[in-house]
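**Student:** Okay, structure incoming, though there's no sequence with it:
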């Protein structure tokens with residue numbers, strides 16, 4: 001009876017290796033589930049999908065090689081960082097219309113497809129093996145305001161879609177580090193994605209959408225070496 005009223009369940013650091021269908025059926029009111037720092041390599045289909053009220057799921061620092069299927073449709077925050085995920089199965093996020101945070105950092109993902117996540121605000125794919133990404137990845141998540149890409153071998157040409165997405169943020173830029181990679185501190189106005197400067201810059205901007213002045217913080221992790229100083233607006237720019 002007590003389990004049926006539990007809203008937050010922490011099972012971190014318990015050497016768990018599998019979550020089976022039915023294991024969590026005793027917690028129908030669960031809103032937060034923390035399974036961090038285990039050895040989980042398998043989550044059976046529908047093992048989590050029955051948790052209809054679950055809004056926050058921590059599965060970071062496990063041994064998953066794929067995103068669990070049948071995730072709860074009410075999910076707002078999904079943390080899958082530091083696993084061994086190497087691909088995102090087609091349609092795996094299809095029913096997550098309420099998802100706001102998706103953390104996939106520190107995996108082995110080689111390609112980032114379209115993510116039809118209308119509510120997504122933060123996407124973290126740092127420290128993967130991304131060699132390519134869909135040009136539409138930011139278009140299929142219209143509310144995306146934080147996109148972290150640092151430490152991936154992505155080709156600059158594949159980032160043109162993101163450059164287009166970032167254009168409205170050009171007017172008001174406050175760089176934490178105003179020096180470019182050549183040490184030029186002339187104070188010239190930087191244009192986001194107009195060219196790469198030193199890696200890891202963060203930009204803050206305002207966007208006017210119709211009658212609404214919507215503030216949004218955009219963290220653009222500029223790739224540290226491969227694309228430095230390359231003009232992304234011109235796809236024919238010479239490599240350096």
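**Tutor:** Good, I have the coordinates. Just so it is clear, the structure is predicted and the values come from calculations on it, not from any experiment.

**Student:** For the rest of this, base every contact and every neighbour count on C-alpha atoms.
**Tutor:** Noted.

**Student:** mind checking how far residue 97 is from residue 56?
**Tutor:** Distance of residue 97 to residue 56, computed by C-alpha to C-alpha, to the nearest Å: 14 Å.

**Student:** Those two - which one has more neighbours?
**Tutor:** A direct count of neighbours by other C-alpha atoms under 10 Å for residue 97 and residue 56 places residue 56 higher, at 20 against 16.

**Student:** where does this protein have low pLDDT?
**Tutor:** Along the chain, the parts satisfying pLDDT under 70 run over 1, 157, 160-161, 163-240.

**Student:** how does it divide up, domain by domain?
**Tutor:** Taking automatic domain parsing as the reference, the chain has its domains at 1-154, 171-179+189-240.

**Student:** burial count for the closest residue in space to residue 94 that isn't next to it in sequence?
**Tutor:** Spatial nearest neighbour of residue 94, chain neighbours left out: residue 116 (6.6 Å); criterion: C-alpha to C-alpha, 6 or more residues apart in numbering. Residue 116 sits with 20 neighbouring residues when counted by other C-alpha under 10 Å.

**Student:** And the strands in this structure?
**Tutor:** 8-10, 18-19, 32-34, 42-43, 56-58, 77-79, 101-103, 111-112, 122-124, 132-133, 146-148, 203-209, 212-218 (DSSP state E).

**Student:** out of the domains of the chain, deepest packed?
**Tutor:** Across the domains of the chain, averaging neighbours per residue (mean count of other C-alpha atoms under 10 Å) puts domain 1-154 on top, at a mean of 19.

**Student:** quick one on the thing from earlier: contacting residues around the residue nearest to residue 94?
**Tutor:** With contact taken as C-alpha atoms under 8 Å, 6 or more residues apart in numbering, residue 116 is in contact with 93-94, 140-141.

**Student:** If we ignore the residues flanking it in sequence, what's nearest residue 151?
**Tutor:** residue 127 (4.9 Å).

**Student:** just residue 147 next, same as before
**Tutor:** Distance criterion C-alpha to C-alpha, 6+ apart; nearest residue to residue 147, sequence neighbours excluded, is residue 123 at 5.0 Å.

**Student:** show me the contacts for that neighbour.
**Tutor:** By C-alpha under 8 Å, 6+ apart, the neighbours of residue 123 are 101-104, 144, 146-148.

**Student:** Quick check: the gap between it and residue 57.
**Tutor:** 15 Å.

**Student:** ok, back up a step: give me the beta-bridge partners of the residue nearest to residue 147?
**Tutor:** As for beta bridges, residue 123 partners with residue 102, residue 147 under DSSP bridges.

**Student:** roughly how far apart are it and residue 80?
**Tutor:** For residue 123, the distance to residue 80 - C-alpha to C-alpha - is 11 Å.

**Student:** what residues are shared contacts of those two?
**Tutor:** Residues touching both residue 123 and residue 80 (C-alpha under 8 Å, 6+ apart): 102-104.

**Student:** so who does the nearest residue to residue 134 once chain neighbours are set aside touch?
**Tutor:** Computed as C-alpha to C-alpha, 6+ apart, the closest residue to residue 134 that is not its neighbour in sequence is residue 113, at 5.1 Å. By C-alpha under 8 Å, 6+ apart, residue 113 lies in contact with 88, 133-134, 137.
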